[in-house]
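A.B. asks: starting from these lines, generate the structure:
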Amino acid sequence: MVARSPYSSRNPVLAFNTDYFGNLNNDTVFEHGPEGLTVKNGARFDGYKGVWSGGIDTDGNEWKRSSLSISNSKTIRIGKQTDCTSNCVYWNPNPSAYYNTTGGGPLFIENGQRIGGPGSTQPCRNESAGGIPDWYCTNSFNWTAAGVTQDGRYLIVAVGTSQTMDTMATVLLAEGAWRAMKFDGGGSTQVWYKGSNIIWGDRRVANAILVFSSQ
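C.D. replies: Numbering: from 1, shown residues only. Got it, this is the predicted structure:
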């Protein structure tokens, strides 16, 4: 992705995988694209445009699972969106608030507290209706996750070895995370940094967040 135009000319420094997506058919054709809310430069790409292998997601699951949104004023929101909560297939999100958005889930840190997992005092937030199984909250995986502190710092954590939600939560909480969510993991966990593949999964991913340098 960082090698594609126009991103390659914008001095990319970091890229990491985000939302869940369908498997590749013969390594060339996606059965379906990103599963959660997906917005690029204010234009939505999921919902009725996101055809699954078994048909169309007629209700739209983007309101049933967490997502990460960056507004055009660079503010960040992590968690379930609440602007549309039923029949959201044809919903057009505010392009300013949802300027760039990617799905994932579940949310596993909220208000500086763990959600889900053996070390949590709160149950795992139910996102199974959106296709995020509850066992994601307790099982071990290769992980990609993102969080935000109360003062607006972005936190990104990825590990290429199998870890639990509690382990990842401990790392993020130590860095001051106020909210954090999981992205796709396992063989989809991938991190590219300044020209090097730091963590490389066993498949090509459908989406990612890219970070660029202004210098």
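A.B. asks: skipping adjacent residues, who's closest to residue 7 in space?
C.D. replies: Spatial nearest neighbour of residue 7, excluding adjacent residues (Cβ to Cβ, 6 or more residues apart in numbering): residue 210 at 5.9 Å. C-beta here means a position set from N, CA and C on the backbone, and glycine is covered the same way.
A.B. asks: nope, residue 112 is what I was after
C.D. replies: residue 178 (5.3 Å).
A.B. asks: SS state for that neighbour?
C.D. replies: Three-state call for residue 178 (DSSP: H, G, I helix; E, B strand; the rest coil): strand.
A.B. asks: contact partners for it?
C.D. replies: By Cβ atoms under 8 Å, 6 or more residues apart in numbering, residue 178 lies in contact with 109, 111-112, 147-150.
A.B. asks: give me the subset of those residues lying in helices.
C.D. replies: Under the assignment DSSP state H, those contribute nothing to helices.
A.B. asks: where's residue 81 relative to residue 64, distance?
C.D. replies: 10 Å (Cβ to Cβ, to the nearest Å).
A.B. asks: got it, and residue 210?
C.D. replies: 26 Å.
A.B. asks: more crowded one of the two?
C.D. replies: Ranked by neighbour count (other Cβ atoms under 10 Å), residue 210 and residue 64 place residue 64 first, with 20 against 15.
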